[in-house]
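Visitor: Just need the structure, nothing else, for what follows:
(chains A, B and C)
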Amino acid sequence: MPTTTWNRHHVLSLADFTSAEYDTVLQTAASFQEVLSRRTKKVPTLQGHVVANLFFEPSTRTRSSFELAAKRLSADTLNFTAATSSMTKGETILDTAKTYLAMGTDIMVVRHREAGVPNAIAAEMNRLGVRVSVLNAGDGQHEHPSQALLDLFTICSLIDPNHPRLELLKNKKIAIVGDILHSRVARSNIWSFIASGAQLHLAAPPTLLPKLFAEYILEHSELTTGEFIISSSPSSPTPQLFLHWQLEPALQDADFVMTLRLQKERMTAHLLPSLREYHQLFGITRTKLQLCKPNVKVLHPGPVNRGVEISSQLMDDPEFSLIQSQVTSGIAVRMALLYLLGSGKS
Amino acid sequence: MPTTTWNRHHVLSLADFTSAEYDTVLQTAASFQEVLSRRTKKVPTLQGHVVANLFFEPSTRTRSSFELAAKRLSADTLNFTAATSSMTKGETILDTAKTYLAMGTDIMVVRHREAGVPNAIAAEMNRLGVRVSVLNAGDGQHEHPSQALLDLFTICSLIDPNHPRLELLKNKKIAIVGDILHSRVARSNIWSFIASGAQLHLAAPPTLLPKLFAEYILEHSELTTGEFIISSSPSSPTPQLFLHWQLEPALQDADFVMTLRLQKERMTAHLLPSLREYHQLFGITRTKLQLCKPNVKVLHPGPVNRGVEISSQLMDDPEFSLIQSQVTSGIAVRMALLYLLGSGKS
Amino acid sequence: MPTTTWNRHHVLSLADFTSAEYDTVLQTAASFQEVLSRRTKKVPTLQGHVVANLFFEPSTRTRSSFELAAKRLSADTLNFTAATSSMTKGETILDTAKTYLAMGTDIMVVRHREAGVPNAIAAEMNRLGVRVSVLNAGDGQHEHPSQALLDLFTICSLIDPNHPRLELLKNKKIAIVGDILHSRVARSNIWSFIASGAQLHLAAPPTLLPKLFAEYILEHSELTTGEFIISSSPSSPTPQLFLHWQLEPALQDADFVMTLRLQKERMTAHLLPSLREYHQLFGITRTKLQLCKPNVKVLHPGPVNRGVEISSQLMDDPEFSLIQSQVTSGIAVRMALLYLLGSGKS
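Guide: This is a model prediction of the structure:
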């Protein structure tokens, strides 16, 4: 493992992540990626530690990824799912968390449909003065930091497998396309890509990308330019963040295109006319990719609605699609996060 | 581990536990509590053993506690939950248990909403002449022995952390408050506290603590006094068990106060007027605790309805509340029970 | 472990299993059966390997059996159940499988209510050129190979515990009784028993055993006799497969009787008059067993409807019932399959 000055006790948001922290995660994940290529894929790093997956909102993919990451570090895992829980018995979320604390949990991986729940649990743990760490595994429409970190790792490892680091993205053009307003993944992605110095282009219908959203981002980021452009042709030399209500200007010369899952509920909420029209306007296909750089790569956090956000053919095309790499990176990145939060404890 | 003459093959009820058995559990749990304070919290004691959690009634807290206890003893665990089971396919409970037996289960941890199911499974295992152990993890309104043992351990460890033992409770005044009639926890608690020689005071509205209940307890206990008192001022020198239909005489000079969970269904069954009135009459608050000894401690088996059985403020007050300690004790006590049932086998 | 020339990469069906493959599974399972009788029942064979149980159809028994088999080989296990999955989010089955592939799964154990799903996943894995193995844990009414292999192992081990092998069944009379048409277990059993050279007698009401079924079996088997007989008194010297619409000719001098689970839904589909009449005509009882060889044994894949397919008394009679042995064999046979698929990889 790389020597590091990691001091973060919880991972709740990427909004205040420093470049050094990003690079520590990326380098640690690269070390674990190497472990995963060995015959025996386990390391005894977190033996005797307990990782509790507190999934108040059900999930298969993310929970399995954290569970396997924990097992490969030799930690013991506890799975809590809301369906079979004492939540139905009237216990508060903080009391559930404190119960897992009292059982000896070292790291809590928390998912909840309401934004802010992982932060509230972490605040309570801090108040109690205990050393348990909280890792946000997706809270409402707020953040999903481990997903954004695995996206970052997937891209940076592609550029330099041996030494993935944030600065590799400097001046790369990255497009994020789709339901940005409701996406916790996008929100975490935005912080990491802004931090990297990439040129970040967001593209969506206005109902899914209101101007207020960009203002929020600028307000909370350290973008010194203080500028953003809503247009199809950026003219200013300095801005990093661009909003588009059409797809084409975002794809133009892009190095990476991230598509987002479109929740079908958006339709019933009258935010979209039809899935078919959405796919025509914002769905990514091989034809539309011709606007991008020739070696453009496409990402998607999954699960994918084939033929909606992305064409089925493109999703399966190994020349363009990084979707499977993202899942594999997920194990290494989550091992890295659990390692960084867990080591030095107990 | 302490040397011991433990001969019990199942843990189904505390009604016939001997003082020596209580002390063996307490001392063994103390040893494991010490293990849990080490850097590596696992011991290889039950490596290769299989602990099956047969939870016909869903549970998060108790199942997680048993699962973690088993993992810390290096056992393999299997989780059965009724929701996804072949129960829905018409199989009997005993056939389900025999299936887990045939798979090689060493210890079955059984929870069921009907009283007597763990006993029935244990009887069947005895009839078959197999060495599998059954541990009652809560059956209907009957018993929940591991919960009562962890309550006992929590209290005794507080008095003498190095050498927790039953006699430490002799002549201590312990109040159990709340829905005693429907509580499997209370029923198990009563056996252990009677065995300890504590003065045990039960307090609840008459609908939740009928006189018949006390007669049942006396009939099945070894209380030689054969006396119980339903009054607010005990006058006899010898009795150990007191019933009260008001809270105050139970709290007067109490050393420990155990509050019980109030299931909200009791309201719809017309056993209670309102939660608000219940809290006023029987809810425990810091003000009401002034009747107790100055260093009184409060316990609750969880999950807690804050503001019903106990005030939110008191629950979080580390000066009085042992609620978190109970959860922590749960791991050590369940490790002790699994160890005592599992070692010497296979 | 026996030296072997096992080359099979997936276990999807027994239709094309060779005698050598059957014997390899039987011998490997015998070795693991021996391991299971030791004090420490774990072997480090698959340490660091990941076995993912992808149960799109819920199951307790089979999932627990595979999970325990995997744990006893020291593999890490991931459990996917449809109820809490992203399936509900619109992801395709192949995409779910590819997600588990990308996480580093070595063996996928797949159950689905539709026939052909494990084959489709295996075909996709082959197309991708990856080394992951797929094991069919029951697909629709198609096959359930591990169940048939454990039935085979149970019978062969009874005849020669030290050296179970296919030829032990040559000329044994085996009756399969019940809902053959809808049984994936029966379909897999038929392939293995035909391969063994046993005389196989199927008995069921015509609605549950149409003539077309036998024609299908003959078409897909390598039975050179090409003959089958629908009668109560077989007259030809050579045929191996017999169909009966009454129970008695199937039981006459049988060495082994396999009863099948009757799904109660068959009643509502008007395939059966009543459970009571079914039990009278096709339910197995001690009285009816008098037609068989004196040391006849009875099997059932479970879960059992007592008093329907088999009388409660007979099910519990250790002189005749192999039902518990089947469950025990299940662990050894599934360890063998996971071992054979998993070793040599990574």
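Visitor: And the average pLDDT for the longest helix seen in chain A is what?
Guide: Determined from DSSP state H, the single longest helix within chain A is helix A:323-342. Averaged over helix A:323-342, pLDDT sits at 97.
Visitor: Strands along chain A, start to end?
Guide: A:50-55, A:76-81, A:107-112, A:133-139, A:173-177, A:199-203, A:229-230, A:241-244, A:256-259, A:297-299 (DSSP state E).
Visitor: Between those strands, which has the poorest mean confidence score?
Guide: For the strands of chain A, mean pLDDT drops lowest on strand A:229-230, to a mean of 49.
Visitor: which other helices and strands contact the longest helix of chain A?
Guide: If you count contacts as 3 or more CB pairs under 8 Å, 6 or more residues apart in numbering or on different chains; DSSP states H and E, helix A:323-342 packs onto helix A:19-36, helix A:61-72, strand A:107-112, strand A:133-139, helix A:145-159, strand A:297-299, helix C:93-102. Any C-beta I mention is one placed from the backbone N, CA and C, and that applies to glycine too.
Visitor: The fifth one near chain C anywhere?
Guide: No. Helix A:145-159 is not in contact with chain C by CB under 8 Å from any CB of the partner chain; minimum separation 11.1 Å.
Visitor: Tell me if I'm right that A:A29 and A:I331 touch.
Guide: No. Shown here, A:A29 and A:I331 do not form a contact pair, counting by CB atoms under 8 Å, at 9.2 Å.
Visitor: Show me which of those two is the more surrounded one.
Guide: A:A29 (29 against 26; other CB atoms under 10 Å in any protein chain shown).
Visitor: Now for the more buried one: which residues touch it?
Guide: A:149, A:153, A:164, A:329, A:332-333, A:335-336 (CB atoms under 8 Å, 6 or more residues apart in numbering or on different chains).
Visitor: Now render the helices and strands packed on helix A:323-342 as TSV, adding distance to B:D95.
Guide: Shown next, in TSV, are the helices and strands packed on helix A:323-342 (distance: least, CB to CB, whole Å):
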stretch	distance to B:D95
helix A:19-36	42
helix A:61-72	31
strand A:107-112	37
strand A:133-139	38
helix A:145-159	43
strand A:297-299	49
helix C:93-102	32
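Visitor: isn't A:A52 right next to A:D76, touching?
Guide: No. Using CB under 8 Å, A:A52 makes no contact with A:D76, being 9.4 Å away.
Visitor: A:L241 and A:R187, how far apart?
Guide: 13 Å (CB to CB, to the nearest Å).
Visitor: Kindly report the same for A:L289.
Guide: 25 Å.
Visitor: higher neighbour count, those two?
Guide: A:R187 (24 against 20).
Visitor: quick one: contacts for the residue nearest to the more buried one when sequence neighbours are not counted?
Guide: Sequence neighbours aside, A:E143 is the residue nearest to A:R187 in space, at 5.5 Å (criterion: CB to CB, 6 or more residues apart in numbering or on different chains). With contacts defined as CB under 8 Å, 6+ apart, the neighbours of A:E143 are A:12-15, A:136, A:184, A:187-188.
Visitor: so can I have a markdown table of the contacts of A:A29 showing distance to C:A204 and neighbour count?
Guide: Output for the contacts of A:A29, formatted as a markdown table (distance: CB to CB, whole Å; neighbours: other CB atoms under 10 Å in any protein chain shown):
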| residue | distance to C:A204 | neighbour count |
| --- | --- | --- |
| A:L149 | 58 | 27 |
| A:F153 | 57 | 27 |
| A:P164 | 62 | 24 |
| A:S329 | 53 | 26 |
| A:A332 | 53 | 26 |
| A:V333 | 55 | 30 |
| A:M335 | 53 | 29 |
| A:A336 | 58 | 27 |
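Visitor: Taking those together, which two end up most distant?
Guide: For those, the farthest-apart pair by CB to CB is A:P164 and A:M335; their separation is 14.6 Å.
Visitor: Number of residues surrounding the residue in the stretch 101-250 of chain A that chain B sits nearest to?
Guide: Relative to chain B, the nearest point of the stretch 101-250 of chain A is A:A102 (3.5 Å; CB to the nearest CB). The number of residues packed near A:A102 is 20, by other CB under 10 Å.
Visitor: low pLDDT regions in the stretch 101-250 of chain A?
Guide: Low-confidence segments of the stretch 101-250 of chain A (pLDDT under 70): A:221-239.
Visitor: swap the cut-off to 80 and go again
Guide: By pLDDT under 80, the low-scoring segments of the stretch 101-250 of chain A are A:211-212, A:214-239.
Visitor: Show me which residues of it sit near chain B.
Guide: A:101-104.
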